[in-house]
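Visitor: fold the following and give me the result.
(one chain, ligands or ions: 2)
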Amino acid sequence: MSSKVNYLSCPDLSKARLKGDGTKVVPFDMEPDHRLIEAYKGKKYFIKTYGCQGNVRDEETMAGLLEALGMERTSRPSESKISIVNTCAVRENAESKVYGEIGKFKSIKEKDKDFVLCVSGCMMQEEGKANLIVDSYPQVSIVFGTHNINSLYDLLLENLLKKERFVDVRSFPGEIVEGLPYKRLLPYKAYVDISYGCDKFCTYCIVPYTRGRERSRRMGDILAECKKLYAEGYQEVTLLGQNVNSYGKDIGEYGFSDLLEEVAKIGIPRIRFLTSHPFDFEHSMLEAIAKYPNIMPWIHLPLQSGSDDMLRRMGRRYTQKEYLSLVEDIRRTIPGVSLSTDIIVGFPNETDEDFDATLEVAKQVAYESAFTFIYSPRNGTPAARIKDNVSDKIKHERFVRLTKVIEASVEKSSDLMVGNTYDVLVDGPSKRDKEVLSGYTEGNKLVNFKGPQYLVGCIVPVKIIESHTYSLIGELVGDPLLHKAKFVGDLLRRDPVVEEYQRVDQAIKEDGKLMEAIDSLPQVKKDAALSIGSLNYEEKRNTLLKLEDMLNTHPMIKNRENLYSQIQDLIEELRGILS
Ligand code: 5AD
Ligand code: SF4
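Guide: Numbering: from 1, shown residues only. Ligands and ions are numbered 1, 2, ... in the order given. Below you'll find the model as predicted:
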């Protein structure tokens, strides 16, 4: 079964560190080859993604490429003709899961020799991993990396024509590819990449090697994507970057607060952003968040460690004091803000004092939520070369102690919410009980409550009645049908046809002569009617006919009528959604 492996390119960590000569933007304008369409049209594809939101967004691009071949998504790998395992490399346990997942495809490939398994994502960008995968798993046909998702068609075609296996993992991302197709996973909340890669090189982190140096997308491209999401009715957009706060530094014309303001002005009800690096956080960003009610009062601000010595050795570029003063500024500028964080326990040679400093900061900040990790050495990173004197047992004990401190503040913040009502964007019925919906508050707290499934994708008020550590129980406030009707009304308002109608209507109202003619019509009609049988009937009738003719043929009025009839069709469609 195992055929020849063609290595078109392999990752090289020394190249992965290199910075490009400015960000080059290249358009993706590749039409799929007709032979690919003939082979895969009407067939199914399956994608399993591990890791962060960046990987989820990449999955949408891969799905878009496959759907452009006429393929359909399936949740059952055994039904698929093409499957992709999209991997994560940030910690060892993420990698272990990938091997198990790839193993599951062995029997599928044995039954169907034309079945194509691709492996992609961050883990493939590590030196040696792609070779290991193709050597150990003959069911894998194609390996590609994070920088060349746009090579998928070429690789699929080569594989189709030659029946050989291909590894193409590039290391040097000198460019940003715009215009790739995508298929969104959800119709009401979306991720939008604002930058790729990371320039911070924290000593424990593999991301700058797997995702490359930081490249910001052009503001115009980001805004165009957000405007499209707005017109499509999206309720929430999360702007994604490994370090959103340094957005635009490579372009030099605008920064993250400028982008935030421009995105907020589009009018999408909820804007979020991930992830903030304390080093690049500027007060102007807080002012933008405070100014626009649709920028959610939630900031994910990784601490990693509370000890200055650890922070220095992690290469984080801030001290405990600087972090705490930023937190103070955030809490002062954005009242009611929710703060979440990432903390690593057991970085090499972490002392009891270092760890105590982390506990102290966690207590002082009183995070509304947090992700805690035990340090996992990543080959190729500076920290992986440090000889560590801390045992796994101590690391686990520290992890448990930290979890307790975090849970105490999470619980406290949840308890304070009981009795109050919050807007919740409804995600979907719970797997266990179809009548129970779940969703997130503006501060990113998970709430479960009873309600009809048709509320999925709507923002509804929910009163919190019970608090659990990691979720809240609530009660829907008000009539669910009215919430749905409001949602549908909002969709209608956002439709470009409605916007165009309002624009044309406004232009007509501002045209003094035209309005005079429109306003005079009832009187001119009346005069003509009253003059029937009198001498000036002909004259009055002619005036009326001329006026009606002018109004009926006026381009602006014709345009408005045409748009109005399109709106009637839209309303019919929305009536369908409501019923
Ligand atoms: N070990 C443990 N945790 C890590 N993270 C990144 N690299 C490692 C590592 N080698 C954590 C950091 C980061 C989050 C996404 O993953 O806390 O913020
Ligand atoms: Fe990794 Fe640090 Fe960059 Fe975050 S800021 S992606 S932890 S290198």
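Visitor: do any residues in the helix or strand of the chain with the lowest mean pLDDT lie close to ligand 2?
Guide: For the chain, counting by mean pLDDT, DSSP states H and E, helix 13-16 ranks last in confidence among helices and strands (a mean of 78). No. Counting by C-beta under 6 Å from any ligand atom, no contacts exist between helix 13-16 and ligand 2, the nearest distance being 12.4 Å. In this view, the C-beta of every residue, glycine as well, is placed from N, C-alpha and C.
Visitor: can you name the element that comes right after that helix?
Guide: Proceeding N to C from helix 13-16, the next assigned helix or strand is strand 24-27, under DSSP states H and E.
Visitor: give me the residues contacting that following strand.
Guide: 174, 175, 176, 177, 178, 179, 217, 218, 221 (C-beta atoms under 8 Å, 6 or more residues apart in numbering).
Visitor: ok, the nearest residue to the second one once chain neighbours are set aside - how many residues close by?
Guide: By that I understand residue 175. With sequence-adjacent residues excluded and distances taken as C-beta to C-beta, 6 or more residues apart in numbering, residue 175 is closest to residue 24, at 4.3 Å. Look at residue 24: counted by other C-beta atoms under 10 Å, it has 12 neighbours.
Visitor: what score does residue 24 have for pLDDT?
Guide: With respect to pLDDT, residue 24 scores 86.
Visitor: make sure residue 54 is indeed in a helix.
Guide: Yes. With DSSP: H, G, I helix; E, B strand; the rest coil as the criterion, residue 54 is part of a helix.
Visitor: phi, psi for the closest residue to it other than its chain neighbours please.
Guide: Distances taken as C-beta to C-beta, 6+ apart put residue 240 closest to residue 54, at 5.9 Å, once the chain neighbours are dropped. With angles defined as degrees, to the nearest 10, residue 240 sits at phi -110, psi 140.
Visitor: check contacts around residue 240.
Guide: Contacts of residue 240 by C-beta under 8 Å, 6+ apart are 53, 54, 57, 191, 192, 193, 194, 273, 274.
Visitor: and it, how far is that from residue 339?
Guide: Note on residue 240: its distance to residue 339, by C-beta to C-beta, to the nearest Å, is 19 Å.
Visitor: that's a helix at residue 299, yeah?
Guide: No. Applying three-state DSSP, one finds residue 299 to be strand, outside a helix.
Visitor: quick one: residues contacting it.
Guide: By C-beta under 8 Å, 6+ apart, the residues touching residue 299 are 276, 289, 330, 334, 337, 338, 339, 340.
Visitor: reformat those into JSON lines and put neighbour count, pLDDT and distance to residue 110 next to each item.
Guide: Below are the contacts of residue 299 laid out as JSON lines (neighbours: other C-beta atoms under 10 Å; pLDDT from 0 to 100; distance: C-beta to C-beta, whole Å):
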{"residue": "276", "neighbour count": "22", "pLDDT": "97", "distance to residue 110": "47"}
{"residue": "289", "neighbour count": "24", "pLDDT": "95", "distance to residue 110": "54"}
{"residue": "330", "neighbour count": "22", "pLDDT": "98", "distance to residue 110": "55"}
{"residue": "334", "neighbour count": "19", "pLDDT": "96", "distance to residue 110": "56"}
{"residue": "337", "neighbour count": "20", "pLDDT": "97", "distance to residue 110": "54"}
{"residue": "338", "neighbour count": "19", "pLDDT": "97", "distance to residue 110": "49"}
{"residue": "339", "neighbour count": "24", "pLDDT": "98", "distance to residue 110": "50"}
{"residue": "340", "neighbour count": "20", "pLDDT": "98", "distance to residue 110": "45"}
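Visitor: need those in CSV (columns: distance to residue 529 and secondary structure).
Guide: CSV is the format used below for the contacts of residue 299 (distance: C-beta to C-beta, whole Å; DSSP: H, G, I helix; E, B strand; the rest coil):
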residue, distance to residue 529, secondary structure
276, 71, coil
289, 62, helix
330, 70, helix
334, 65, coil
337, 67, coil
338, 67, strand
339, 72, strand
340, 72, strand
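Visitor: and those residues, which is closest to residue 558?
Guide: residue 289 (45.0 Å; C-beta to C-beta).
Visitor: shouldn't the closest one be in contact with residue 256?
Guide: No. Using C-beta atoms under 8 Å, residue 289 makes no contact with residue 256, being 10.6 Å away.
Visitor: quick one: residues contacting the closest residue in space to residue 37 that isn't next to it in sequence.
Guide: Residue nearest to residue 37 in three dimensions, not counting chain neighbours: residue 69, with 5.4 Å by C-beta to C-beta, 6+ apart. Going by C-beta under 8 Å, 6+ apart, residue 69 touches 32, 36, 37, 40, 41.
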